[in-house]
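Q: Dropping a prediction and its sequence here:
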Amino acid sequence: MRARLLCCSGSLDGGGSERQLWQLATQIDPNVFAPQIYLHYLRGHYLNKLPDRIPIHAFWSEIPKASRLPGGVRQQQIKHLQEIIRRERIAVVYDRTFHMTLVTSAACRKLRIPRLSVIVSPPSLDFAGSRERFHSIKKWLLARAYRDHRAMTLAVSQGVADDAWKYYAIAPEKFVVVPSPVDIDGIKVAANEPLTLDRHAQQAMRIAVVGRLSKEKGQARAIEALSLSNKTERLITLDIIGDGPLRHQLEALAARLGVADQTNFWGHCDNPYPWIQAADLLCITSDYEGLANVALEAMALRTPVLSTDCGDAIRELLGKQQRGVVVPAGDCQALATEILSFGKQKQLWRSRIDAAEAWVTEHHSLPHWLTTMSRLILQAIAREPGR
């Protein structure tokens, strides 16, 4: 009998966590698992990519008049999730991000259902920096959730695991590190979608920045680095792919620094891979990252990666400047210096590109990740008494 797996997410928007949950649900072996999807909001880029064989449940679509009182929504979400688990005879639950873990942990604990929860960013920065109400209570609830003997707690990198066990005061051995996957063949096909570039842009060096336009992603640093680079070289184009609350602020910054004509804001793109492949350099400017999926994707597409020092994971991923370059966090001048030196170090960068592609293929391939996740899910089910 196939194991009934419930994959839980806030939505199926276009972020890395949502994409990996979609990959698990759609590509895990259907002869072994019968996956279903549970969402808070019935929306997102990946909804239309789900096959008909995968049932979808969504809280706000099924409980549209949920309580708005403090704590009331979470309690109703827990109750609703429990009803789904009972009715669908779910054997194991999988979730990503702390928002969903707060719901799944309570529902699974009461029903004695095994759970796999993924921590995707360092909680000392991600959760601690969030605007969550009842912050200290939720931190306690999360620590309890990750300690639960029925739960398997996964981290996308060793750096995230180290940060989590210190922040939540949990034994290090409780965490299992499972690096994020890349669908190498899939993104290479998607990257071949044509782009139309104007003549000036074709001649210029292209720098791509991909991600939600929010403070922690730090796109302002790329704009400031472009402005600094202009003192030496003006034939540079910055492509910013993504949307978010800071768009108008970033557009104003580009105008104020005199680089508006070199900076393109393309908004959200369902398929960012042609932009990544067309770029001479992918730039990551984040304050912090668990494991930057866009870096993995660029490495698979043989696009060089230049990143701020946004965590242990990016340093491990890029090596000691072997597979890319890391500059000090917040140092826009260092970013500008590396951008300007890029064209003068083509042989060095070619060796980095080769090493980066080999690393992603060996350590982050989607088939390898699916095999690992299948094994862990079956382990979680097997160790639950009575199953």
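A: Now that the structure is in, tell me what you want to look at.

Q: next structured bit after the helix or strand of the chain with the lowest mean pLDDT?
A: Lowest mean confidence among the helices and strands of the chain (mean pLDDT, DSSP states H and E): helix 199-203, at a mean of 54. As assigned by DSSP states H and E, the chain's next helix or strand after helix 199-203 is strand 205-210.

Q: Export that next one to PDB, keeping only CA atoms.
A: Only the C-alpha atoms of strand 205-210 are listed here, as PDB (Å, rounded to 0.1, in the frame of the first residue of the first chain):
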ATOM      1  CA  MET A 205      28.200  43.500 -19.300                       C
ATOM      2  CA  ARG A 206      25.000  42.100 -17.800                       C
ATOM      3  CA  ILE A 207      24.500  41.600 -14.100                       C
ATOM      4  CA  ALA A 208      21.400  39.800 -12.900                       C
ATOM      5  CA  VAL A 209      19.900  40.000  -9.400                       C
ATOM      6  CA  VAL A 210      17.000  37.600  -8.700                       C
END
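
Q: partners of that strand, with directions?
A: strand 236-241 (parallel), strand 281-284 (parallel) (DSSP bridges).

Q: Now do the contacts for the residue lying closest to Val32 once chain neighbours are set aside.
A: Sequence neighbours aside, Arg2 is the residue nearest to Val32 in space, at 6.2 Å (criterion: Cβ to Cβ, 6 or more residues apart in numbering). Backbone N, C-alpha and C define where each C-beta goes, glycine included. Neighbour list for Arg2: Pro30, Asn31, Val32, Phe33, Ala34 [criterion: Cβ atoms under 8 Å, 6 or more residues apart in numbering].

Q: about what we covered before: pick the most buried one from the strands paired with strand 205-210.
A: Ranked by mean neighbour count, the strands paired with strand 205-210 are led by strand 281-284 with a mean of 26 (mean count of other Cβ atoms under 10 Å).

Q: Do me a favour and get the backbone dihedrals for Glu357.
A: Here is the backbone geometry of Glu357 (degrees, to the nearest 10): phi -60, psi -40.

Q: show me the contacts for it.
A: Met299, Ala300, Arg302.

Q: And the pLDDT for it?
A: pLDDT, Glu357: 97.

Q: ditto for Asp198
A: On the pLDDT scale, Asp198 gets 59.

Q: before we move on, what about Ala107?
A: If you check Ala107, the pLDDT there is 97.

Q: do the same with Arg68
A: The score at Arg68 is 66. That number is its pLDDT.

Q: just to revisit the earlier point, among the contacts of Glu357, find me the one that's closest to Asp52.
A: Closest approach to Asp52 among these (Cβ to Cβ): Ala300, at 29.7 Å.

Q: so where do the strands sit in the stretch 51-200 of the chain?
A: 56-58, 92-96, 115-119, 151-155, 175-177 (DSSP state E, counting those that start in this stretch).

Q: and of those strands, who's closest to Asp13?
A: Of all the strands of the stretch 51-200 of the chain, strand 92-96 comes closest under Cβ to Cβ, at 12.2 Å.

Q: partners of that closest one, with directions?
A: strand 3-9 (parallel), strand 115-119 (parallel).

Q: Adding secondary structure, write the contacts of Arg2 out as CSV.
A: Below are those laid out as CSV (DSSP: H, G, I helix; E, B strand; the rest coil):
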residue, secondary structure
Pro30, coil
Asn31, coil
Val32, coil
Phe33, strand
Ala34, strand
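
Q: Most widely separated two among these?
A: Asn31 and Ala34 (9.8 Å).

Q: Those two - which one has more neighbours?
A: Legend: neighbour count by other Cβ atoms under 10 Å for Asn31 and Ala34, higher for Ala34 (20 against 7).

Q: gap between the closest residue to that one other than its chain neighbours and Asn31?
A: In this structure, Ala34 finds its nearest non-sequential neighbour in Arg2, 4.3 Å apart by Cβ to Cβ, 6+ apart. Here Arg2 is placed at a distance of 7 Å from Asn31 (Cβ to Cβ, to the nearest Å).

Q: ok, now Asp162?
A: Where Asn31 is concerned, Asp162 sits at a distance of 37 Å (Cβ to Cβ).

Q: Ala382 too?
A: Noted for Ala382: a distance of 18 Å to Asn31, by Cβ to Cβ.

Q: what's the domain layout of the chain?
A: Following automatic domain parsing, one finds the domains of the chain at 3-181+365-382, 185-363.

Q: ends of the last one, how far apart?
A: Domain 185-363 stretches 15 Å from its first residue to its last (Cα to Cα, to the nearest Å).

Q: quick one: it to chain centroid distance?
A: On the basis of Cα atoms, centre = their mean, to the nearest Å, domain 185-363 sits 16 Å off its chain's mean C-alpha point.

Q: do the same with the first one
A: Distance, stretch centre to chain centre, for domain 3-181+365-382: 14 Å (Cα atoms, centre = their mean).

Q: State the mean pLDDT of stretch 306-317.
A: Summarised as a single mean, pLDDT over stretch 306-317 is 93.

Q: ends of it, how far apart?
A: OK, stretch 306-317 end separation, Cα to Cα: 12 Å.

Q: what residues does it touch?
A: 122, 156-160, 162, 218, 221, 281-292, 295-296, 299, 318, 323-331, 335, 338-339, 342, 359.

Q: now swap in stretch 118-134 and tell me
A: 16-17, 70-71, 94-98, 138-139, 142, 146, 153-156, 159-161, 163-164, 166-168, 175, 178, 216, 287-291, 311.
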